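Visitor: Quick one: sequence and predicted model below, then my questions.
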Amino acid sequence: MTSFLTADRVAPQGSATQSTHDTRRLRLFSGTSNQALAREIGAYLGVPDGPRVIKRFADGELYIQIQESIRGCDVFLIQPTCAPVNDHLMELLIMVDACKRASARQITAVIPYYGYARADRKTAGRESITAKLVANLLAKSGVDRVLAMDLHSAQIQGYFDIPCDHIYGSPVLVDYLRTRDLGEVVVVSPDVGGVARARAFAKQMNDAPLAIIDKRRSGHNVAESLTVIGDVAGKTAILIDDMIDTGGTICAGARLLRQRGATRVLACATHAVFSPPAVERLSEPGLFEEVLVTNSIPRSDDGRFPQLQVLSVANMLGEAIWRIHEESSVSSMFRR
């Protein structure tokens, strides 16, 4: 049983199942950033990853060709803009241009992880707002709609001058946590900026109590946790964030929770960016019981460690894609 609702896409007839909808105008194409996730989405929808050629010239320039007719089709391009972010973003833009010139009816960029999202406002003079810049690039390239998951801040939806469907990875994390015997739970936000996310997560966890870590940052990727606001003693603390990059913030928070008497500490995040030295920090013995992430960003074997659990968001993304294609509500997926 999932925490998101699925559409009635198949109906039994005899001993077999048959699709109740026509998928001939639905096309999926993946870039090179997360082909495994694209295959899982295709399996959920019963639509294969479309044929395309992606190669590089000797000087590093990309060449992309769509190898089937998509004239009049509803095309979904699956490409998280994870590291190397510049390459994957440019690859997505070229795929969009190829589909536009092939007369696709509608092009939707499915971006499970939206790169450049952390620069979403000016905090000092002469700074760029890259979250808005990338939104402009996507719209100008020919994207008609964006499907994103767990944007770094909700305001980024407003940076798009085209429709933007925003979904969350928390239902997949909550489904897993409900299978565990966690005892008395407290949901913890690693900083004040993540309180809204933690509050929503706590509500899904049967209205669990909420705690907040007061944190001060002295520079990019450098954080110092100061104190815990809330009672965590004797409880299972679940740290929730949208992403884990170098792991400094969430590991400092976990140490503080241990000092304040938390008996068990789990980390949950949708996006496993895991820039060095994240793996070494997160795998520290006795710090985390489990580190739960999704497969929005692919993980290599050398980036795994014993505490890591990678959960798939393919079915949820596939359901959102189906609803966009059928022009039905995406937000109703998360209502009960």
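Guide: Noted; the coordinates are in hand.

Visitor: quick one: the helices in the stretch 151-300 of the chain?
Guide: Along the stretch 151-300 of the chain, counting by DSSP state H, counting those that start in this stretch, helices occupy 170-177, 195-204, 248-259, 278-282.

Visitor: What is the burial count for Asp191?
Guide: 19 (other C-beta atoms under 10 Å). In short, each C-beta sits where N, CA and C put it, glycine included.

Visitor: isn't it right up against Ile213?
Guide: Yes: contact status for Asp191 versus Ile213: in contact at 6.4 Å, counting by C-beta atoms under 8 Å.

Visitor: In contact with the nearest residue to Gly318 once chain neighbours are set aside, which residues?
Guide: Among residues not flanking Gly318 along the chain, Tyr44 sits closest, at 3.5 Å (C-beta to C-beta, 6 or more residues apart in numbering). For Tyr44, the contact set (C-beta atoms under 8 Å, 6 or more residues apart in numbering) comprises 314-315, 318-319.

Visitor: Tell me which entries of the residues you listed lie within helices.
Guide: Judged by DSSP state H, the contacts of Tyr44 include 314-315, 318-319 as members of helices.

Visitor: now those as a markdown table including neighbour count and distance to Phe57?
Guide: Formatted as a markdown table, these follow (neighbours: other C-beta atoms under 10 Å; distance: C-beta to C-beta, whole Å):
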| residue | neighbour count | distance to Phe57 |
| --- | --- | --- |
| Ala314 | 23 | 32 |
| Asn315 | 17 | 37 |
| Gly318 | 23 | 34 |
| Glu319 | 22 | 38 |
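
Visitor: Quick check: buried residues in stretch 57-75?
Guide: Neighbour-count burial for stretch 57-75, with 16 or more other C-beta atoms under 10 Å as criterion, is recorded at 62, 64, 66, 70, 73-75.

Visitor: Then stretch 40-58?
Guide: Those would be 40-42, 44-45, 47, 49-50, 52, for stretch 40-58 by 16+ other C-beta under 10 Å.

Visitor: Report the two of the buried residues of stretch 57-75 separated the most.
Guide: Leu62 and Asp74 (24.3 Å; C-beta to C-beta).

Visitor: any idea how far Ala320 is from Glu61?
Guide: In this view, Glu61 and Ala320 are 33 Å apart by C-beta to C-beta, to the nearest Å.
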